[in-house]
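K.L.:
no sequence on hand, only this structure:
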DNA sequence: CAAGAATTGCAAATTTGTCGCAATTTCTGC
DNA sequence: GCAGAAATTGCGACAAATTTGCAATTCTTG
């Protein structure tokens, strides 16, 4: 289950799964990309701002979360370790962000293209902009 | 030439190509992704920071610039309208960002995948993380 | 060229992210 | 389970990044 994986990743890096970290992980679990402001607000006075920043930084460094751009600011979400690898469809009209499950062929192509440039790919983010189903009909 | 295109895009949206905007465009022209801090510093006292923020926001809204994530912060660069469509290889070791020319098949696949989700794609950004040629040999 | 609209600079206000350090929690070896 | 050591957290205080209001200036149009 997810806490075991989380704990294992942390332990492997000499960190531990504290009360607070589990709480922040829970804030991320099952949600789409969230801004720091939202996370801080959702945490209320349960967790201090500084701790949230420090935890997200740690989580990102250990590959637990991924950071993506949404418009001006960034948002964070659990990485592929905890969710299926996916990309994002950003509606430029209503602002909604929709998950798009990835496709093996697309992944292969991205890796191949990188490798041809003599680059060793480890991961990627693909953000697609356009109109969501609702807005493209309006 | 590029200023005509720029002017046309602005005009179409009821804005005009002012000295200041042309100056900021010039700061972007021919350069890779730049941080706001760099743009502000390069502008010196020619353009106020607030104006740079406002202009970049306008440019992004009109599709003149694209914003990408580099680690923690974002950077801006001219959009596909002014450069060849490309993606970025981010070396997680030395921090270098390398342009990767795109591939028609990849583009097609991305559009097709979006369309299957009933989404109308208008553009995208693909950021690949890994080791650059130099770092992967070290 | 004049009038009105858009744009810019300036300075102040917010917001966002960081840091140092003391208090608390977690981990380890009994 | 307990003591001591190490890691983590909260709490300001900071520092940096971004936004905003408004008056002065620049553009656009007729």
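P.N.:
Nice, thanks for sending it over. As the structure is a prediction and not an experimental result, all values here were calculated from the model.
K.L.:
okay, CA-based contacts and neighbour counts for the rest of this
P.N.:
Will do.
K.L.:
for stretch A:39-52, buried residues please.
P.N.:
Buried residues in stretch A:39-52, counted by 16 or more other C-alpha atoms under 10 Å in any protein chain shown: A:39-40, A:43, A:47, A:49, A:52.
K.L.:
before we move on, what about stretch A:50-69?
P.N.:
A:52, A:55-60, A:64-69.
K.L.:
closest to DNA strand D among those?
P.N.:
Nearest to DNA strand D out of these is residue A:55 (C-alpha to the nearest atom of the strand; 5.9 Å).
K.L.:
correct me if wrong: that closest one contacts residue A:19.
P.N.:
No. Between residue A:55 and residue A:19 there is no contact, the gap being 11.9 Å when judged by C-alpha atoms under 8 Å.
K.L.:
circling back to that earlier point, tell me which of the buried residues of stretch A:50-69 fall in helices.
P.N.:
Applying DSSP state H to those, the entries found in helices are A:52, A:55-60.
K.L.:
export those residues as a markdown table, with columns for pLDDT.
P.N.:
Shown next, in a markdown table, are these (pLDDT from 0 to 100):
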| residue | pLDDT |
| --- | --- |
| A:52 | 98 |
| A:55 | 98 |
| A:56 | 97 |
| A:57 | 96 |
| A:58 | 96 |
| A:59 | 97 |
| A:60 | 94 |
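K.L.:
nearest to residue B:35, of those residues?
P.N.:
Looking at those and their distance to residue B:35, the nearest is residue A:57, at 20.2 Å (C-alpha to C-alpha).
K.L.:
got the residues of chain A near chain B?
P.N.:
With C-alpha under 8 Å from any C-alpha of the partner chain as the criterion, chain A comes near chain B at residues A:68-69, A:71-72, A:89, A:100, A:106, A:109-110, A:114, A:117-133, A:136.
K.L.:
just the buried ones among those, please.
P.N.:
Neighbour-count burial (16+ other C-alpha under 10 Å) applied to those gives A:68-69, A:71, A:89, A:100, A:106, A:110, A:114, A:119-121, A:124-132.
K.L.:
do the helix-or-strand element of chain A with minimal mean pLDDT and DNA strand C meet?
P.N.:
Least confident helix or strand, chain A: strand A:65-70 with a mean of 87, by mean pLDDT, DSSP states H and E. No. Counting by C-alpha under 7 Å from any atom of the strand, DNA strand C has no neighbours in strand A:65-70; the shortest distance is 10.6 Å.
K.L.:
next structured bit after that strand?
P.N.:
Moving toward the C-terminus from strand A:65-70, the next helix or strand (DSSP states H and E) is strand A:73-78.
K.L.:
show me what secondary structure element comes after that following strand.
P.N.:
For strand A:73-78, the following helix or strand on the C-terminal side (DSSP H and E) is strand A:86-91.
K.L.:
contacts for that following strand?
P.N.:
A:70, A:80, A:96-102, A:125-132, A:135, B:114, B:119 (C-alpha atoms under 8 Å, 6 or more residues apart in numbering or on different chains).
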